[in-house]
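Enquirer: Turn this into a structure:
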Amino acid sequence: MVRLRIFLFATSLLYPLDHSSAVTLPAEFLNDAVAGTSTGSQTGPITTNPTPGVNASSAGSQASTSNDYGIPRISAMASSTAGWAVAADSRLTYYIEFNGALGTVTATVQSFGAIQSSGINGTAEVRLNVDAVNDPSNPNFNHTLFLSPISESLNAISNPNPTNDSFTINGPITFWANEVYMVQMIITVGAQDDGSASAYVDPFFVAD
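Expert: The predicted structure is shown next:
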């Protein structure tokens, strides 16, 4: 049995290793949404603090993000009218560690990612990456195996045909015990001149 540790809400994240040193790792958040004319500038809110979401709208066009960091899940949407352009980004980076005896750990990973775009100018992107934090002083760290156990990406551009795509992860993934892994979630959507787009991703880790 192993214990999963998730570091998300602290602004400074401290984790102990199997040796005397410790490493401080910051959680990172980014949310922005902009709206404006398709031939001019777009403006809107941007924050690097945890937020349930941000929104920008103008002349019937809208872009927004929606987040639930307790899952964690991030999503974004954009919808534009003729002559207008909108875009939104939601990004989250956090860290997980599986505590246990030196060696490998099998964890069940459940994740769903999806994108949709329509109209002449709708774009969407989803990225989910899990990478080991390079810590050569950790006696359990191996520089060649299980460094990037998860790497998923989706891209959609509708011009003019609608585009839909998704990925599903539901099964065992091998990690190093007592090694900190960085989980990076990135969503970007944009729409212009009667376009629309949306994106969603929600990784979930269950230690066996």
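Enquirer: excluding its backbone neighbours, what's nearest residue 150?
Expert: Counting by Cβ to Cβ, 6 or more residues apart in numbering, residue 130 is the residue found nearest to residue 150 once chain neighbours are left out, at 3.9 Å. Bear in mind the C-beta positions are built from the backbone N, C-alpha and C, glycine included.
Enquirer: Who are the contact partners of that neighbour?
Expert: 96, 148, 149, 150, 151, 181, 182, 183, 184, 203 (Cβ atoms under 8 Å, 6 or more residues apart in numbering).
Enquirer: now the residues you listed: which count as buried?
Expert: With neighbours counted using 16 or more other Cβ atoms under 10 Å, these contain these buried positions: 96, 149, 150, 181, 182, 183, 184, 203.
Enquirer: circling back: and the residue nearest to residue 150, what element?
Expert: Under the criterion of DSSP states H and E, residue 130 resides in strand 121-132.
Enquirer: Please put the alpha-carbon coordinates of that strand into CSV.
Expert: Output of strand 121-132 as CSV, limited to C-alpha atoms (Å, rounded to 0.1, in the frame of the first residue of the first chain):
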residue,chain,number,x,y,z
ASN,A,121,-12.1,30.5,-36.8
GLY,A,122,-12.4,28.4,-33.7
THR,A,123,-9.3,26.9,-32.1
ALA,A,124,-8.8,24.7,-29.0
GLU,A,125,-5.8,23.0,-27.4
VAL,A,126,-5.4,20.7,-24.4
ARG,A,127,-2.2,19.5,-22.9
LEU,A,128,-1.6,17.1,-19.9
ASN,A,129,1.9,16.2,-19.0
VAL,A,130,3.3,14.4,-15.9
ASP,A,131,7.1,14.6,-15.5
ALA,A,132,9.4,13.5,-12.7
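Enquirer: What pairs with that strand, parallel or antiparallel?
Expert: As defined by DSSP bridges, the strand partners of strand 121-132 come to strand 150-158 (antiparallel), strand 180-192 (antiparallel).
Enquirer: List the neighbours of the helix or strand just after the last one that are in contact with it.
Expert: The helix or strand immediately downstream of strand 180-192 is strand 196-201, counting by DSSP H and E. Outside strand 196-201, the residues within contact range by Cβ under 8 Å, 6+ apart are 73-80, 111-119, 122-126, 128, 154, 156, 158, 185, 187-191.
Enquirer: same check, this time on stretch 149-167
Expert: The contact list for stretch 149-167, computed with Cβ under 8 Å, 6+ apart, reads 109, 111-130, 169, 173-175, 181, 195, 197, 199, 203.
Enquirer: Quick check: buried residues in that stretch?
Expert: Neighbour-count burial for stretch 149-167 flags 149, 150, 152, 154, 156, 158, 163 (criterion: 16+ other Cβ under 10 Å).
Enquirer: CA atoms only for it - export them in CSV, please.
Expert: Coordinates of the C-alpha atoms in stretch 149-167 are reproduced here as CSV (Å, rounded to 0.1, in the frame of the first residue of the first chain):
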residue,chain,number,x,y,z
PRO,A,149,4.6,8.6,-17.7
ILE,A,150,1.9,10.7,-19.2
SER,A,151,2.0,13.0,-22.2
GLU,A,152,-1.3,13.9,-23.9
SER,A,153,-2.2,16.7,-26.3
LEU,A,154,-5.2,17.7,-28.4
ASN,A,155,-5.5,20.4,-31.0
ALA,A,156,-8.5,21.6,-33.0
ILE,A,157,-8.9,24.2,-35.7
SER,A,158,-12.2,24.6,-37.5
ASN,A,159,-11.9,26.0,-40.9
PRO,A,160,-14.7,25.7,-41.7
ASN,A,161,-15.7,22.2,-40.5
PRO,A,162,-16.4,21.5,-36.8
THR,A,163,-13.6,19.6,-35.0
ASN,A,164,-14.1,17.4,-32.0
ASP,A,165,-11.4,15.2,-30.3
SER,A,166,-10.8,13.6,-26.9
PHE,A,167,-8.5,11.3,-25.0
